[in-house]
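**Student:** Could you look at this predicted model? Sequence included:
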Amino acid sequence: MPDSLPVAISQQMTLLSAIHSPADLKKLSLAELQKLADECRKEVIELVSLNGGHFASSLGVVELTVALHHVYSTPHDKIVWDVGHQAYVHKILTGRKEQMQTNRQFGGLAGFPKRTESAHDAFGTGHATTSISAAAGIAVASELAGGNEKVIAVIGDGSMTGGMAFEAMNHLGDLKSDVLVILNDNQMAISPSTGGLRHHLVNITLNKTYNRVRKLVWKSISLFNNDLGNKAKNAVRKLEEGVKAALTPGAFFEALGLRYFGPIDGHNMEQLVKALKEMQALPHPKLLHVITTKGKGFKPAEENQCKWHAHNGGFDKPNLIDK
Ligand SMILES: Cc1ncc(C[n+]2csc(CCOP(=O)(O)OP(=O)(O)O)c2C)c(N)n1
């Protein structure tokens, strides 16, 4: 971590106990955000060990959720969680920490985001693959009302294979609305992801040359920004776009009209916060490719991600925590 924890914080009560709404995350340093993420992870393990529930997917997005609530401001900004089974940390950070004991019980909290439960839940979910479409609708409504909120869809690589996600990205490319799609790529649906998209994503992630070329291309585009006449600039841009489309990762998403960024390490708080701040400044459709590990931080879940997708509870938590 680039900055170290103030001694007072490392020795005192938990950071989580002082978080009552996402506004409390705003002033935290990177080290404090990571400490908060570690505490949230323990909280999810504790909760599911007692009452059961969805598990491995929430553990995989702990850092992402903390970073999102640090950079963006819900309920003004809208975060749409695809499926919603990974939203436990989101619920913990948005004023429902104490009620999480009632998760999925009669009269208690819902196991998924629910609009009537919290203003921070932008969309009610449960059905996979709806998030990008919902985010596009929210963004269009905001534009019509003259709003300025940022809209983010967080979707897993499994749900990204559903037709509705492609339809929504295709539409977004036409709408040109300010929507950030975060592709949470853990190579897992409930079981391992399959199909052509999976191979495309693996190629992107593994191909370092593509990533180097992409960085070079974008760097050279920015070099031309001010110095050449408009005609030359346009010609260069067209050429660069062509080269970029042919050589860079994410060309598939770019072809649909979303600018592609990544892949980044979804457990590295510094990378996440930096990337999200960059995304926040861009007013058009874009996709941030984030690589995560399903079950992160809990060894049995990392080793058997399918089995630990959800759990009935009653497991031996203290002996199993991998930290
Ligand atoms: C339409 C629909 N089909 C199937 C499911 C069951 N389901 C719940 S989570 C999930 C896998 C989601 O995988 P991914 O989107 O990659 O998220 P991850 O759990 O890996 O974070 C599936 C298929 C569902 N919720 N909705």
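**Tutor:** Cool, the structure landed.
**Student:** can we go C-alpha only for contacts and neighbour counts from here?
**Tutor:** Fine.
**Student:** List the buried residues in stretch 164-176.
**Tutor:** Met164, Ala165, Phe166, Ala168, Met169, Asn170, His171, Leu172, Gly173, Lys176 (16 or more other C-alpha atoms under 10 Å).
**Student:** roughly how far is that stretch from the heart of the chain?
**Tutor:** 18 Å (C-alpha atoms, centre = their mean, to the nearest Å).
**Student:** among the buried residues of stretch 164-176, which two are most distant?
**Tutor:** Met164 and Lys176 (17.8 Å; C-alpha to C-alpha).
**Student:** Among the buried residues of stretch 164-176, find me the one that's closest to the ligand.
**Tutor:** Met164 (9.9 Å; C-alpha to the nearest ligand atom).
**Student:** Please produce TSV containing the buried residues of stretch 164-176, extended by distance to Val202.
**Tutor:** Shown next, in TSV, are the buried residues of stretch 164-176 (distance: C-alpha to C-alpha, whole Å):
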residue	distance to Val202
Met164	22
Ala165	19
Phe166	19
Ala168	23
Met169	20
Asn170	22
His171	25
Leu172	24
Gly173	24
Lys176	27
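**Student:** and these near the ligand, which?
**Tutor:** Among the buried residues of stretch 164-176, not one lies near the ligand by C-alpha under 6 Å from any ligand atom.
**Student:** Flag every buried residue along stretch 267-284.
**Tutor:** Quick answer for stretch 267-284 (16+ other C-alpha under 10 Å): His267, Asn268, Met269, Glu270, Leu272, Val273, Ala275, Leu276, Met279, Gln280, His284.
**Student:** So for the fifth one, what's the pLDDT?
**Tutor:** At Leu272, the predicted lDDT confidence score is 98.
**Student:** helix or strand for it, which one?
**Tutor:** Following DSSP states H and E, the helix or strand that holds Leu272 is helix 269-280.
**Student:** so how far is that helix off the chain centroid?
**Tutor:** On C-alpha atoms, centre = their mean, the centre of helix 269-280 falls 11 Å from the chain's centre.
**Student:** Where do the helices of the stretch 201-323 of the chain begin and end?
**Tutor:** Assigned by DSSP state H, counting those that start in this stretch, the helices in the stretch 201-323 of the chain fall at 208-223, 230-247, 251-256, 269-280, 299-303, 317-320.
**Student:** The closest residue to Lys294 other than its chain neighbours and Thr125, how far apart?
**Tutor:** Spatial nearest neighbour of Lys294, chain neighbours left out: Gly60 (4.6 Å); criterion: C-alpha to C-alpha, 6 or more residues apart in numbering. Distance, Gly60 to Thr125, by C-alpha to C-alpha, to the nearest Å: 19 Å.
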